[in-house]
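Q: for reference, the sequence and a predicted model appear below.
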Amino acid sequence: MPLLPRRPANRPRPLLAGIGLALGLVAACESEPRHSPVLARELDKICHAVELSGAAGLEDANRMAMVAMWLDQNIKSDEGLAFLRTFAKLGNDKDARRQMIVDAARTNGIADCPLIEYWR
């Protein structure tokens, strides 16, 4: 005989339901651009990374490698790194990458973002 009464199998477990809801909310928040002074500073660097890294005159493959190294050394905040991780997960989907930069720049008040042109 069990020490505790059995819960019906079809009844949801409150703790698990709560965890699922929390994870869903976190995922939704991460997918929506939001204004943040820290992210705005990091996005300004990201938007101008080609120029700031000195890679503007290089060929595509060399330019992107130099930009990646520069970003690795210069984007340090959790918010900036989270943005770059999400951006990287988009892979070769140029439209999605471009839209992500456009949305984040607009949300964070970045009017000039030359990096957008590289994703056209």
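A: Good, I have the coordinates. Numbers count the residues shown, from 1 in each chain.
Q: check which residues of stretch 88-99 are buried.
A: By 16 or more other C-beta atoms under 10 Å, the buried positions in stretch 88-99 come out as Arg97, Arg98. Placement of C-beta: from N, CA and C, glycine included.
Q: same check, this time on stretch 46-53
A: For stretch 46-53, by 16+ other C-beta under 10 Å, it's Ile46, Cys47, Ala49, Val50, Leu52, Ser53.
Q: what segments of this protein are helices?
A: Taking DSSP state H as the test, the helices found in the chain are 14-31, 37-47, 49-52, 60-74, 78-89, 94-107, 115-118.
Q: need phi/psi at the closest residue to Lys94 other than its chain neighbours.
A: Leaving aside its sequence neighbours, Lys94 sits nearest to Trp119 (C-beta to C-beta, 6 or more residues apart in numbering; 5.1 Å). In terms of degrees, to the nearest 10, the main-chain angles of Trp119 are phi -110, psi 20.
Q: isn't Trp119 right next to Asn92, touching?
A: No - checked against C-beta atoms under 8 Å, the pair Trp119 and Asn92 is beyond contact range at 10.6 Å.
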